[in-house]
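Novice: Need the 3D shape of this:
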Amino acid sequence: MVTTAEPTNMEVFQGRLRRAVRSWRIWAGAAVVAALVAGWGLNFYNYTLSEENAASVAGLVKDKDSLTEQLAVASSARESLRGQLDSVTSERDQLAAAEATLDERTRAVKQREDAVKGRENSVKRRENAVTKQERTIARNTIGEGDWAVGVDVQAGTYRTTKAVSDDCYWEINSDANGDNIVANDIVTGGRPTVTLQTGQYFSSSRCGDWRKV
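Specialist: Numbering: from 1, shown residues only. Sure, this is the predicted structure:
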């Protein structure tokens, strides 16, 4: 029978050491691989994030430029509207001033029209008064000719309007034929007076007008 010698303590230790070294190499390699993988992943993540950030920043810059342009357009439109508003305000003020002037002129014209109308009414009243007075004078005035008292002229006492000269002849008759003389006279000066009654007939020659007193 063959017998096998027992390994010594040194051999056992060396075997364990070799196994430990192999195990450490395996773990070290795995750690290196893991580190490489992690580094690559981190770099890829950073690259991707950088690209996204760059795109985002570019988009923000583009948006800012667009907003700046829109703001400039809005500011220009605001200034234009402000100018239009100022123009409208000026035109409104001018229109208000023109309306005020027109109202003032209208009032002035109305006042002149009222003044003219007042003068016209005054003239008309004077004309009416003069016409009435003229009619009254006409009714109370006897001229040259033959007149029927109570028909052509009113009864009453009359006096010549002016002093008479030579050959003023007047005559009062009780009939139209002149056959019944009630009174007569040839006046050579002064202002003669006659009294007429209804139904009588009066004749005047070269005496001028007679007016009722």
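
Novice: which is the next helix or strand following the strand or helix carrying residue 32?
Specialist: Here residue 32, judged by DSSP states H and E, is contained in helix 9-139. Per DSSP H and E, helix 9-139 leads on to strand 141-142 as the next helix or strand towards the C-terminus.

Novice: Note down every partner strand of the helix or strand that that next one is followed by and its orientation.
Specialist: As assigned by DSSP H and E, the chain's next helix or strand after strand 141-142 is strand 145-148. Paired neighbours of strand 145-148 in the sheet (DSSP bridges): strand 201-205 (antiparallel).

Novice: Would you point out which residue is most central in this protein?
Specialist: Nearest to the geometric centre of the chain sits residue 99, at 5.1 Å (C-alpha atoms, centre = their mean).

Novice: Pull up the gap between it and residue 89, please.
Specialist: Noted for residue 99: a distance of 15 Å to residue 89, by C-beta to C-beta, to the nearest Å. Quick note: C-beta positions are derived from backbone N, CA and C, even for glycine.

Novice: How many residues are close by residue 197?
Specialist: Using other C-beta atoms under 10 Å, residue 197 has 13 neighbouring residues.

Novice: tell me the contacts of the nearest residue to it once chain neighbours are set aside?
Specialist: Nearest non-adjacent residue to residue 197, counting by C-beta to C-beta, 6 or more residues apart in numbering: residue 155, 5.4 Å away. Counting by C-beta atoms under 8 Å, 6 or more residues apart in numbering, residue 155 touches 149, 196, 197, 198.

Novice: Quick one: low-confidence residue ranges for this protein.
Specialist: 1-7, 45-47, 49-50, 127-134, 136 (pLDDT under 70).

Novice: how many other residues sit next to residue 150?
Specialist: When neighbours are defined as other C-beta under 10 Å, residue 150 has 13 of them.

Novice: okay but it is in contact with residue 156, surely?
Specialist: No. At 10.5 Å, residue 150 does not count as touching residue 156 under the criterion of C-beta atoms under 8 Å.

Novice: and the nearest residue to residue 184 once chain neighbours are set aside, what is it in contact with?
Specialist: Sequence neighbours aside, residue 171 is the residue nearest to residue 184 in space, at 3.9 Å (criterion: C-beta to C-beta, 6+ apart). If you count contacts by C-beta under 8 Å, 6+ apart, residue 171 has them with 178, 181, 183, 184, 202, 203.

Novice: tally of neighbours for the last one?
Specialist: By other C-beta under 10 Å, 17 other residues sit near residue 203.

Novice: Identify the bridge partners of it.
Specialist: The partner residues for residue 203, given DSSP bridges, come to residue 146, residue 171.

Novice: for it, what are its contacts?
Specialist: With C-beta under 8 Å, 6+ apart, residue 203 has these contacts: 145, 146, 147, 170, 171, 172, 173, 178.

Novice: quick one: which of the residues you listed is nearest residue 137?
Specialist: Residue 137 has its nearest neighbour among these in residue 147, at 15.9 Å by C-beta to C-beta.
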